[in-house]
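Student: Give me a model of this one.
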Amino acid sequence: MSDFKHVLLLGTGPASIQLALKLKKCWDCTVAIVGRESVRSGSFYDALEQSNQRIRVSIQNEKHRALEGECFVDYIFKGYETITGEWDTLIFAVTTDAYIEVLKLIDPKVLRKVKCMLLISPTLGSHSLIRHYMNDFNPSVEIISFSTYFGDTRWMHARPTNHALTTAVKKKVFIGSTNYPSPNVEELCKAYKHLGIAIDIMESPIEAETRNISLYVHPPLFMNEVSLSAIFGDQDTKKYVYKIYPEGPITPLLIREMLAHWKEIMNIISKLHIKGINLLKFMTDDNYPVRLESLSRHDIDNFPIFETIHQEYLLYIRYTSLLIDPFSEPDKDGKYFDFSAVPIRKMFINREGDLDIPRMPKEDYYRLKIIQGIAKYTDSSCPTIDKFILTYESKLEEVAQSHKEIRLSAAFAVQSFEEDLNRICNEIGKYLKA
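Tutor: Coordinates of the predicted model:
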């Protein structure tokens, strides 16, 4: 028997809309959504009230028809402290740096009744963070981590409403539970199979958390002078995340640092007794493939054993091969889809009126600080990770100094995330001693 009869979604973003619809379709369960009361969430709550709590999801690609539709949400809570009732499963659809902040607002009486907690888009160590907190309330709760959210879902219109749009769906995700084997994981696998998404079951949540490509590519792609100047600078010329310099940040040096960054993370997870990943294979087989004319099967499969200069060469070839979508149909002029033209977003004024930082690299900063903390705990050297963080924090301080005349969001503060790190490392310590 699964624990998906009464499900509470934490977070009021577009992913919560998509997940609520999927839950209703799969298990016809009781579903509630909860979030903070804020300027941003105000239009979301208003839209739900006007529609009698009806939500709607549209799709961009006909292949994803199983994800579209509409349904009614059974309960809406405005503020985490207002949650009442008994909930079998809590689904975390908030940013990873907010997990503990959200849990602290929930009545312990509610937490003691929960059987399962599902982390939709965690980072390395997130399940340890949750487990440490829950030890005081409900130590037997099952914690399930996905490697990442299964698609790309955004608001249908510019502001949050009751209508979301799913534009892309991943081919594969990874999942791991504190219970192995887990009936809940089996149920989730069936649901994902219906969406055409393959699931690899890992033996633990932390192993699933290491299978997120963002851990390996976002820090080098964003925490460099080219990208940071595009995010925080005044120039009007667009820069693109996946383009070669000068259109984007990708240079031989960036590739060298990406490779070193991967090796540092592999060193850390080897000390946690977790199986490592072949970076090039992970990029091509589990994320975005390229043609075999660009990267041979031999090169992909044997990537970890090659010399460093050979590895750098293959990573550079991978990114140049994806400047266009190699599997798209060319137009009459022989032009393929401009796959790499993902603009680097600039800092912006948020709905609260504060100058704010885009999700990338704001979320990546938290991820990287946690990895740095785990590295120190496991006595692992991480000079490349240290360099990324120093580069980013120096930019934060520089921008904060030059924008004293306006209000800045909390994202501009240099942070240690000490409480989260202490919780994570405390759980990792138990795991290593076991």
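Student: quick one, phi/psi of residue 250?
Tutor: With angles defined as degrees, to the nearest 10, residue 250 shows backbone torsions of phi -70, psi 120.
Student: is it true that it touches residue 240?
Tutor: No: when contacts are counted by C-beta atoms under 8 Å, residue 250 is not listed as touching residue 240 (9.4 Å). To be clear about C-beta, it is placed using only N, CA and C from the backbone, and glycine gets the same treatment.
Student: and these two? which has more neighbours close in?
Tutor: Taking residue 250 and residue 240 together and counting by other C-beta atoms under 10 Å, residue 250 has the greater number of neighbours (26 against 19).
Student: Excluding chain neighbours, give the residue nearest to that one in space.
Tutor: In space, residue 250 comes closest to residue 244 once its chain neighbours are excluded; the distance is 4.9 Å by C-beta to C-beta, 6 or more residues apart in numbering.
Student: Kindly report the same for residue 218.
Tutor: Setting aside the residues directly before and after it, residue 218 is nearest to residue 364 in space (C-beta to C-beta, 6+ apart), at 4.5 Å.
Student: Surely the one you found and residue 216 touch.
Tutor: No: in this structure residue 364 lies outside contact range of residue 216 using C-beta under 8 Å: 11.1 Å.
Student: Which strands or helices does the worst-scoring helix or strand of the chain on mean pLDDT pack on?
Tutor: Across the helices and strands of the chain, mean pLDDT, DSSP states H and E gives its lowest value to helix 39-50, namely a mean of 91. Applying 3 or more C-beta pairs under 8 Å, 6 or more residues apart in numbering; DSSP states H and E, one finds that helix 39-50 makes contact with strand 75-78.
Student: Give me the residues contacting the strand it packs on.
Tutor: Contacts of strand 75-78 with the rest of the structure, by C-beta atoms under 8 Å, 6 or more residues apart in numbering, involve 30-35, 37, 41, 45, 48, 53, 83-85.
Student: Out of those residues, which two sit at the greatest distance?
Tutor: When the contacts of strand 75-78 are compared pair by pair using C-beta to C-beta, the two farthest from each other are 30 and 37, 22.6 Å apart.
Student: between those two, who's got more neighbours?
Tutor: Comparing residue 30 with residue 37 by neighbour count (other C-beta under 10 Å), the higher total belongs to residue 30, at 18 against 14.
Student: Nearest spatial neighbour of residue 204, chain-adjacent residues omitted?
Tutor: residue 176 (4.9 Å).
Student: Surely that neighbour and residue 200 touch.
Tutor: No: shown here, residue 176 and residue 200 do not form a contact pair, counting by C-beta under 8 Å, at 9.3 Å.
Student: Who has more neighbours out of these two?
Tutor: Between residue 176 and residue 200, counted using other C-beta under 10 Å, residue 176 has the larger neighbour count: 26 against 15.
Student: so where do the helices sit in the stretch 251-400 of the chain?
Tutor: 252-271, 279-285, 297-301, 308-321, 359-377, 383-402 (DSSP state H, counting those that start in this stretch).
Student: List of residues touching the second one?
Tutor: Contacting residues not belonging to helix 279-285 are listed as 211, 213, 216-217, 259, 262, 290, 295, 299-301, 303-304, 311, 314-315, 318 [C-beta under 8 Å, 6+ apart].
Student: With the shortest one instead?
Tutor: Residues lying outside helix 297-301 but in contact with it, judged by C-beta under 8 Å, 6+ apart, are 278, 280, 281, 284, 285, 314.
Student: What average pLDDT does it get?
Tutor: Helix 297-301 carries an average pLDDT of 98.
Student: Residue 361 - how many residues pack around it?
Tutor: Using other C-beta under 10 Å as the criterion, the residues surrounding residue 361 number 25.
Student: And residue 267, by the same measure?
Tutor: The local packing count at residue 267 equals 15, with neighbours defined by other C-beta under 10 Å.
Student: Residue 380 is in contact with that one, correct?
Tutor: Yes: the pair formed by residue 267 and residue 380 meets the contact definition of C-beta under 8 Å, at 5.1 Å.
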